[in-house]
Structure formats: C-alpha cells, structure tokens
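Visitor: Would you be able to build a 3D model of this:
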Amino acid sequence: QVQLVESGGGLVQVGGSLRLSCAASGRTFSSYAMGWFRQAPGKEREFVVAISRGGGGTDYADFVKGRFTISRDNAKNTAYLQMTSLKPEDTAVYFCAATSGDSSWSPYDYNYWGQGTQVTVSS
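Guide: Numbers count the residues shown, from 1 in each chain. So this is what the prediction gives:
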C-alpha cells in the first residue's frame with residue numbers, strides 16, 4: 001500500500017510557474033514508477049508525464065514538452081512536477097499516481113492515486 005499526497009497547487013498568472021510535490025508513504029517509493037495526470041472540469045483525466053523508478057526515464061505529453069519537468073527524490077519519497085510558462089489551458093486538478101509496473105500513459109495502469117491539487121492559471 002502506498003499513500004500519495006500532492007501539494008503546491010494554487011492560482012498563478014499566465015506565464016508563471018508552480019512546483020507540485022507528491023509525497024509518498026507506505027511501501028518503498030523507489031519500487032514504483034510515478035505519473036502525473038490532470039483533469040479539467042468536464043474533461044477526462046489525461047496523462048501529463050511519467051518517470052521511471054530510478055528517475056532515469058521520463059515520458060512527456062506533447063502539450064507540456066519544454067514547459068514541465070518531472071523529477072523524483074527517492075531518498076525523500078517525493079516526486080515533483082515543475083511547471084513553467086503556464087497557460088490557461090493548464091488549469092486542472094493535478095494528480096500523482098504510482099504503478100508497480102512500468103511507467104505508462106494509461107491511468108488504468110496505476111495502482112495508487114493522490115487526492116489531487118488544483119492549479120488555476122489566470123489570464
């Protein structure tokens with residue numbers, strides 16, 4: 001069992017930056033690949049980015065390439081999502097998720113989810 005808690009969301013202006021954190025507790029954090037997903041009102045949850053267990057492999061959705069960066073610190077049991085050049089369309093609830101399998105774009109491959117943190121980008 002893994003418990004995930006996101007933090008760092010908030011209100012930011014267009015072009016601004018935020019760093020989200022995902023703190024994990026429970027079983028060994030380094031055993032899980034991590035992903036970030038987001039869900040805007042009225043839309044399905046969508047993949048944003050994922051990172052492998054050791055952090056050496058990452059995979060980004062095209063709409064965040066060059067703007068968002070995922071990282072993890074296995075010693076601190078925490079994953080991060082650095083978001084820059086934010087746009088109004090980035091407004092959503094952001095979720096971190098953990099999978100005992102390989103990192104994946106599909107939310108169905110993730111075993112554990114956090115409660116989400118709201119990111120609002122104002123224009």
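Visitor: if I read this right, Pro107 contacts Phe37, doesn't it?
Guide: Yes: counting by C-beta atoms under 8 Å, Pro107 sits close enough to Phe37 to count as a contact (5.8 Å). All C-beta spots, glycine's among them, are computed from the backbone N, C-alpha and C.
Visitor: Let me know the pLDDT of Thr58.
Guide: Model confidence at Thr58, given as pLDDT, is 97.
Visitor: can you pull the contacts of it?
Guide: When the contact criterion is C-beta atoms under 8 Å, 6 or more residues apart in numbering, the partners of Thr58 are Val49, Ala50, Ile51, Ser52, Ile70.
Visitor: contacting residues for Trp113?
Guide: When contacts are taken as C-beta under 8 Å, 6+ apart, Trp113 is in contact with Leu4, Phe95, Cys96, Ala97, Ala98.
Visitor: Starting from Val64, give me the distance back to Val84.
Guide: For the record, residue 84 is Thr, not Val. The gap separating Thr84 from Val64 is 10 Å, by C-beta to C-beta, to the nearest Å.
Visitor: cool, and Lys43?
Guide: Lys43 sits 16 Å away from Val64, taking C-beta to C-beta as the criterion.
Visitor: Tell me, how many residues neighbour Leu86?
Guide: The number of residues packed near Leu86 is 21, by other C-beta atoms under 10 Å.
Visitor: no no, Ala50
Guide: 25.
Visitor: That one bridge partners, please.
Guide: In this structure, Ala50 has beta-bridge partners Gly35, Asp59, where bridges are defined by DSSP bridges.
Visitor: go on, Gln118?
Guide: When bridges are taken as DSSP bridges, the partners of Gln118 come out as Val93.
Visitor: re earlier: looking at Pro107 and Phe37, which one has more neighbours?
Guide: Neighbours were tallied for Pro107 and for Phe37 using other C-beta under 10 Å; the higher tally belongs to Phe37 (25 against 17).
Visitor: Show me how far stretch 27-47 is from its chain's centre.
Guide: Stretch 27-47 has its average C-alpha position 6 Å from the chain's average C-alpha position, going by C-alpha atoms, centre = their mean, to the nearest Å.
Visitor: what mean pLDDT would you report for it?
Guide: Over the span of stretch 27-47, the pLDDT mean works out to 95.
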